[in-house]
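Novice: fold the following and give me the result.
(chains A and B)
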Amino acid sequence: MDSTTQTITTLIIVLALVVMVLVTQFIRRRKEAFPMRMIPAYESIPLLIGESIEAGRPMHISFGSAGLGGNNTALTLASAELLYQVASRNQVGSTVVTASDPSALPLAYGTLRRAYASRRDRLSASSVRWYPAGTRSLAFAAALTGMMGDERVSGNVLAGSFGPELALILEAATRKRQSSIAGSVDLDGQAVAYAMADQALIGEELFVAGAYMSDSASQHGSVVALDVLRWLLILGILIATANAIREPVLAALRGGK
Amino acid sequence: MTRLGAILATAIAIGFGLLTTWGLLAGSGKIFDITNILLQLTVITVAVTILLGILNLFSIHLRRIVRRSRGWVYSFALIASAAAVLILWIVGAQQTNHMLLETVEVSVESALAGLVVFALVWGAYRMMRRRITWASVLFTIVLLIILVGALPLPQTSALIGVRSWLLAVPVSAGARGILLGIALATVVTGVRVLIGQDRSYRE
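Specialist: Model (predicted):
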């Protein structure tokens, strides 16, 4: 890693750390200090869970091909946080978790155990399922469509790494009249989620479940840190663009005169 | 005891996380060698989880067969297929295994890939029928331009330039914006793990 990349990486990490720590302390004293915009997908999750409990049918949450130990580690942790928030509200009902990366299995098991801490009887060994991905993850999509029908799932939260095969899963959910919330870090999957899911999670919205569905000040601080970094990045891009076009613009103006 | 376990897990996660971050930023030296060893251990651990996945798969489907749950026939087919592939591998029939992979799995996945197109088209139609908004109208118009512009017909040649501009400018810009947002969120999530704020090992 060259020195410029080292410096920038260190700066970003330190900045995120400082903002998160400061904002967390501030939010602990004044919760309404940093209001967050509404994300319809998170607003609709309690309704989905309510429908699932009333119908006596399980909720389905899928990580897709997100797993630990690779590029998608942070995404897997974020999906696990969303799983915890959904499962902890669904303690009266049951939850089925699916993943195509086996490294997500222990995380999913651990998250469900924590979420169902007071209702361990609702948890079973088949609550977490691994379906192999195959070369194009289509085998995983086919397995999920079968599982959604066999288990008579009430609602689906598909938050992780999905590609275009998400279209098969969402089409099956619609045919079976199952609600769906979907989001993916893969651009193909995101486009499919936007077009076909009842509610979509776009981009970094996948990573903020903890802030939107709990009162955690540290989670809220993470969202503010994300916003600060985003605005700094925008500022950096604008300054770099202005610097790049300064000479041609000045030359054009001088030529015009 | 549970609290002590959580504190210990948090301390291990923070310690090794900071060590790995330091090693990767350093790029060379003893600390980088230690980081490399830790990353290799991670790869081995992740590889072992494949065994966990196979055990999970077999236990769930065997339970479905024993209980005659809905769809147990498909579970039986899965177990039988897996057993057949394993036996073929043990007896050394690699060519037969490869032939099964090429003729069965690849063919089935190719057929499913063909279905994806129809599912996407139906999804776009359903989106327009659900509620007509400016976003859905724009989505459909852009989709039509991209698809029609890709056709190798002389009548659609006028759309080629529009298609190229759409892909090069707004689509590319939007995609980069989304990916930048995801990258920043990944950094923030990583920092949360480094300072022990992540719930997955803390509780």
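Novice: run a quick neighbour tally on the residue in chain B positioned nearest to chain A.
Specialist: Going by CB to the nearest CB, chain A is nearest to B:Gly53 of chain B, at 3.1 Å. Every residue, glycine included, has its C-beta placed from N, CA and C. Burial measure for B:Gly53: 20 neighbouring residues, criterion other CB atoms under 10 Å in any protein chain shown.
Novice: skipping adjacent residues, who's closest to residue 197 in space?
Specialist: Because you didn't say which chain, this covers chain A. A:Ala182 (3.8 Å; CB to CB, 6 or more residues apart in numbering or on different chains).
Novice: wrong chain, I was asking about chain B
Specialist: That would be A:Ser218: by CB to CB, 6+ apart, it lies 4.7 Å from B:Gln197.
Novice: tell me the secondary structure for that neighbour?
Specialist: Secondary structure, DSSP: H, G, I helix; E, B strand; the rest coil: A:Ser218 is helix.
Novice: from A:Leu238, how far off is it?
Specialist: Distance from A:Ser218 to A:Leu238, counting by CB to CB, to the nearest Å: 31 Å.
Novice: any chance you could map the helices in chain B?
Specialist: Assigned by DSSP state H, the helices in chain B fall at B:2-26, B:30-66, B:72-90, B:94-100, B:106-130, B:134-149, B:158-166, B:172-194, B:199-202.
Novice: what's the closest of these to A:Ala242?
Specialist: helix B:172-194 (17.3 Å; CB to CB).
Novice: what sits up against the closest one?
Specialist: Residues from elsewhere that reach helix B:172-194 (CB atoms under 8 Å, 6 or more residues apart in numbering or on different chains): A:12-13, A:16-17, A:20, A:74-75, A:77-78, A:185, A:187, A:190, A:202-204, A:206-208, A:218, A:222, A:225-226, A:229-230, A:233, B:13-14, B:17-18, B:21, B:198.
Novice: flag every buried residue along it.
Specialist: Neighbour counts using 16 or more other CB atoms under 10 Å in any protein chain shown place B:178, B:180-194 of helix B:172-194 among the buried residues.
Novice: likewise stretch B:76-96?
Specialist: Residues of stretch B:76-96 classed as buried: B:Leu78, B:Ile79, B:Leu88 (neighbour count, 16+ other CB under 10 Å).
Novice: so B:Phe118 versus B:Val142, what's the distance?
Specialist: Computed as CB to CB, the B:Phe118 to B:Val142 distance reads 20 Å.
Novice: out of these two, which sits in the busier spot?
Specialist: The neighbour count for B:Phe118 versus B:Val142, taken as other CB under 10 Å, is higher for B:Val142 (16 against 12).
Novice: skip the chain neighbours and tell me the closest residue to that one.
Specialist: B:Leu166 (6.3 Å).
Novice: need the contact list for that neighbour.
Specialist: By CB under 8 Å, 6+ apart, the neighbours of B:Leu166 are B:Val142, B:Ile145, B:Ile146.
Novice: quick check, nearest of those residues to B:Leu159?
Specialist: Proximity of these to B:Leu159 (CB to CB) peaks at B:Ile145, which lies at 5.9 Å.
Novice: B:Val137: how many residues sit nearby?
Specialist: 11.
Novice: same check on A:Leu75?
Specialist: As a measure of burial, A:Leu75 has 27 neighbours, counting by other CB under 10 Å.
Novice: contacts for the one helix or strand it maps to, please.
Specialist: Applying DSSP states H and E as the criterion places A:Leu75 in helix A:73-89. The set of residues external to helix A:73-89 that reach it, using CB under 8 Å, 6+ apart, is A:45-46, A:49, A:59, A:61, A:63, A:66-68, A:95, A:97, A:101, A:103-104, A:107-108, A:111-112, A:114-116, A:157, A:159-161, A:185, A:206-207, A:209-210, A:213-214, B:185-186, B:189-190, B:193, B:198-200.
Novice: what distance separates it from the centre of its chain?
Specialist: 8 Å (CA atoms, centre = their mean, to the nearest Å).
Novice: quick one: it to helix B:30-66, angle?
Specialist: Interaxial angle of helix A:73-89 relative to helix B:30-66 (axes from the mean of the first three to the mean of the last three CA atoms, to 10 degrees): 40 degrees.
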